[in-house]
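Visitor: take a look and give me a structure for this.
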Amino acid sequence: MFLSEEAHENRPQWLRGRGATKTVPDGAVSQICRGSPVPVLEREELMFRQTLKMAWSSVKSNKMRSFLTMLGIIIGVVALVVLVSITTSATSQVTNIVNSMGTNTLSVSISDDKENPLKLAEMTDLLKLDKVAEVAPVASSSATVTNDETSETAQVTGSTADYADIEGKDLSAGRWLKSTDVTNHTCVCVINEDTASDIVGVTNTGDALGQTIKLSGIDYTVVGVLASETSTRMSNSSYEVYIPFSSLQRLSSSVSSVTSFVVSADNDDLDTAEASLTTWLLSRFENDSDAFTVTNSSTVKDTVSEITNTMSIMLGGIAAISLLVGGIGIMNIMLVSVTERTREIGIRKAIGAGEGSILAQFLIEALLLSLIGCLIGVGLSYVILRITGLVNSTTYTMDMNVCYIATAFSLGIGLIFGYYPARKAARKEPIEALHYAG
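Guide: Residues are numbered from 1 along each chain as shown. The predicted model follows:
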């Protein structure tokens with residue numbers, strides 16, 4: 001049978017020329033019948049889909065074994081995501097506490113006054129020091145707060161007018177304490193929103209202004225209400241009351257002198273302010289550096305950040321070891337699978353499947369096990385974080401960056417530990433594979 005020149009040119013490349021002996025590709029017969037060449041991209045796509053389908057069928061055919069294989073990956077992902085997410089949430093909470101202390105402050109605590117207590121009037125002397133902008137004494141005590149028939153225990157803090165600026169206290173209504181309130185021992189107070197709603201009994205914070213509450217039996221007039229986000233996060237009580245330092249000295253017998261105070265630095269120059277303050281304190285307390293402690297807020301923040309970062313790396317490393325153990329489990333099961341399916345491999349190679357096709361099938365199977373295990377692990381991590389948050393009354397946020405890292409790491413584990421069994425399957429000789437008796 002003779003073909004015209006045009007028909008000859010329309011034939012696939014592998015049929016052109018005399019004596020052509022090349023193997024007909026899969027699906028080429030149907031393409032010949034249509035009189036068009038085989039599209040390479042379409043053929044590759046069909047081969048990939050078929051390989052993916054075969055790998056998925058293998059995973060489904062042994063559900064229990066596949067689940068046990070994935071178990072190591074699941075445990076590793078849960079450990080990684082849960083531990084790092086809890087650490088990240090804890091870091092955020094600690095950072096908020098540090099920030100609530102002020103980001104440009106120095107905290108001073110006096111442990112030995114050398115029988116010469118620091119007086120409230122001496123606070124003005126500190127304003128003359130280099131780079132010291134504001135100073136405020138701080139003292140706290142517990143007191144019973146009552147209003148009509150409502151009675152609760154609250155943390156009462158005594159300070160001065162500069163305290164709000166130093167600690168970054170924002171008000172939702174009213175004003176902060178004034179210098180005249182301290183000088184005149186005025187019985188006025190600033191409360192937080194919980195105190196306003198639960199003790200004063202108002203839903204609108206502005207309605208609490210002018211109301212009277214009793215602190216250990218003494219009447220105090222509410223002149224301000226703190227914004228909720230600026231309440232003291234380190235307080236053990238949900239009820240907070242701020243009064244003039246001089247009024248607290250009269251209210252509480254345990255507060256007679258200044259034993260702690262906070263300082264803000266001019267132009268954020270904490271180091272210079274700390275140096276000048278330390279020099280003054282040494283001269284005030286007989287050059288005894290153990291008599292007081294100066295805490296730099298920026299140093300505390302940096303230290304907390306270093307500690308939490310170290311914890312995240314350590315916990316992440318522990319979880320990564322779990323993922324490696326899961327990878328070893330995948331390799332073990334894949335080797336068993338290759339041995340069990342030796343005859344199948346022989347048949348596929350005998351009908352024309354190449355090494356690349358066999359390699360791809362077993363690699364995809366290993367990647368599927370890793371990916372499914374990872375997805376189950378991420379889902380379990382979300383459930384565990386929600387349950388833990390409900391039990392501890394804390395909100396734990398899943399760190400999505402950790403989820404992405406866990407997914408990439410799991411796929412990498414599947415690829416690395418699945419490559420050797422896949423290569424072993426791809427290199428089997430067809431004749432030996434067909435004669436394998438199992």
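
Visitor: quick one: low-confidence ranges for the stretch 201-350 of the chain?
Guide: 229-237 (pLDDT under 70).

Visitor: could you pull out the helices for it?
Guide: Ranges of helices within the stretch 201-350 of the chain are 245-251, 270-284, 297-340, 342-350, based on DSSP state H, counting those that start in this stretch.

Visitor: could those be laid out in CSV, adding mean neighbour count?
Guide: Glycine gets a C-beta too; all of them are placed from N, C-alpha and C. As requested, the helices of the stretch 201-350 of the chain are exported to CSV (neighbours: other CB atoms under 10 Å):
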stretch, mean neighbour count
helix 245-251, 21
helix 270-284, 17
helix 297-340, 16
helix 342-350, 18
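
Visitor: now those in JSON lines, with distance to Thr153?
Guide: Converted to JSON lines, those look like this (distance: least, CB to CB, whole Å):
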{"stretch": "helix 245-251", "distance to Thr153": "14"}
{"stretch": "helix 270-284", "distance to Thr153": "34"}
{"stretch": "helix 297-340", "distance to Thr153": "29"}
{"stretch": "helix 342-350", "distance to Thr153": "75"}
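
Visitor: of the ones you listed, which is nearest His185?
Guide: For His185, the closest of those is helix 245-251, at 4.7 Å, according to CB to CB.

Visitor: output the closest one as PDB, nothing but the C-alphas.
Guide: Output of helix 245-251 as PDB, limited to C-alpha atoms (Å, rounded to 0.1, in the frame of the first residue of the first chain):
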ATOM      1  CA  PHE A 245       0.100  57.900  97.100                       C
ATOM      2  CA  SER A 246      -0.500  60.100 100.100                       C
ATOM      3  CA  SER A 247      -4.100  58.700 100.500                       C
ATOM      4  CA  LEU A 248      -2.700  55.100 100.400                       C
ATOM      5  CA  GLN A 249      -0.300  55.900 103.200                       C
ATOM      6  CA  ARG A 250      -3.300  56.800 105.300                       C
ATOM      7  CA  LEU A 251      -5.400  53.800 104.100                       C
END
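
Visitor: by contact count, what packs against it?
Guide: On a contact count with 3 or more CB pairs under 8 Å, 6 or more residues apart in numbering; DSSP states H and E, helix 245-251 meets strand 139-147, strand 150-159, helix 179-183.

Visitor: just checking: what are the partner strands of the first one?
Guide: Sheet partners assigned to strand 139-147 using DSSP bridges are listed as strand 150-159 (antiparallel), strand 212-215 (antiparallel).

Visitor: buried stuff in it?
Guide: 139-141, 143, 145, 147 (16 or more other CB atoms under 10 Å).

Visitor: out of the residues you listed, flag the one nearest to Tyr420.
Guide: Ser140 (64.6 Å).

Visitor: wait, isn't that closest one in contact with Ala154?
Guide: No. Ser140 lies out of contact with Ala154 (CB atoms under 8 Å); the separation is 10.5 Å.

Visitor: who's in contact with the residue most central in space within the chain?
Guide: Nearest residue to the geometric centre of the chain (CA atoms, centre = their mean): Thr88, 2.9 Å. Contacts for Thr88 (CB atoms under 8 Å, 6 or more residues apart in numbering) come out as 312, 397, 399, 402.

Visitor: only whichever of these are buried, select them in ChimeraX.
Guide: In ChimeraX, this line selects whichever of the contacts of Thr88 come out buried by 16+ other CB under 10 Å:
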select :312,399,402
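
Visitor: contacts only, for the residue nearest to Val182 when sequence neighbours are not counted.
Guide: Spatial nearest neighbour of Val182, chain neighbours left out: Pro244 (4.4 Å); criterion: CB to CB, 6 or more residues apart in numbering. Contact partners of Pro244, counting by CB under 8 Å, 6+ apart, are 158-160, 177, 181-182, 185-186, 188.

Visitor: could you export these to JSON lines, including columns for pLDDT, distance to Cys374 and neighbour count?
Guide: Listed next are the contacts of Pro244 as JSON lines, based on pLDDT from 0 to 100; distance: CB to CB, whole Å; neighbours: other CB atoms under 10 Å:
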{"residue": "Gly158", "pLDDT": "95", "distance to Cys374": "55", "neighbour count": "26"}
{"residue": "Ser159", "pLDDT": "95", "distance to Cys374": "52", "neighbour count": "26"}
{"residue": "Thr160", "pLDDT": "95", "distance to Cys374": "56", "neighbour count": "25"}
{"residue": "Leu177", "pLDDT": "95", "distance to Cys374": "56", "neighbour count": "26"}
{"residue": "Asp181", "pLDDT": "94", "distance to Cys374": "60", "neighbour count": "22"}
{"residue": "Val182", "pLDDT": "93", "distance to Cys374": "61", "neighbour count": "22"}
{"residue": "His185", "pLDDT": "91", "distance to Cys374": "65", "neighbour count": "14"}
{"residue": "Thr186", "pLDDT": "92", "distance to Cys374": "63", "neighbour count": "18"}
{"residue": "Val188", "pLDDT": "95", "distance to Cys374": "59", "neighbour count": "19"}
